[in-house]
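In: Could you work out the structure for the sequence below:
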Amino acid sequence: MTHLRAGRLWEIDALRGIAIIMMVVYHLLWDLSSMGG
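Out: Alright, predicted model coming up:
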């Protein structure tokens with residue numbers, strides 16, 4: 001396993017980043033559908 005300088009796992013950071021991107025896309029699509037788009 002590869003550790004970053006603060007003892008963090010890059011896999012966890014990557015999963016967190018993907019989750020944030022998916023959440024933003026989900027909310028964007030939810031807003032567009034609620035506006036009738």
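In: What does residue 35 show for phi and psi?
Out: When quoted as degrees, to the nearest 10, the phi and psi of residue 35 stand at phi -90, psi 0.
In: typo on my end, it should be residue 8
Out: Note on residue 8: its backbone torsions stand at phi -100, psi 150 [degrees, to the nearest 10].
In: Quick one: neighbours of residue 21, just the number.
Out: Neighbours of residue 21 under the rule other C-beta atoms under 10 Å: 10. No exception for glycine: its C-beta is placed from N, CA and C like everyone else's.
In: so which helix or strand takes in it?
Out: Taking DSSP states H and E as the definition, one finds residue 21 inside helix 10-34.
In: Return the mean pLDDT over that helix, rounded to an integer.
Out: For helix 10-34, the mean per-residue pLDDT is 97.
In: Can I get stretch 20-29 in PDB, CA atoms only?
Out: What follows is stretch 20-29, C-alpha atoms only, in PDB (Å, rounded to 0.1, in the frame of the first residue of the first chain):
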ATOM      1  CA  ILE A  20     -18.200  14.000  -4.000                       C
ATOM      2  CA  ILE A  21     -18.200  14.200  -7.800                       C
ATOM      3  CA  MET A  22     -21.100  11.700  -7.900                       C
ATOM      4  CA  MET A  23     -23.000  13.700  -5.300                       C
ATOM      5  CA  VAL A  24     -22.600  17.000  -7.300                       C
ATOM      6  CA  VAL A  25     -23.800  15.300 -10.500                       C
ATOM      7  CA  TYR A  26     -26.800  13.700  -8.700                       C
ATOM      8  CA  HIS A  27     -27.900  17.000  -7.300                       C
ATOM      9  CA  LEU A  28     -27.400  18.800 -10.600                       C
ATOM     10  CA  LEU A  29     -29.600  16.200 -12.300                       C
END
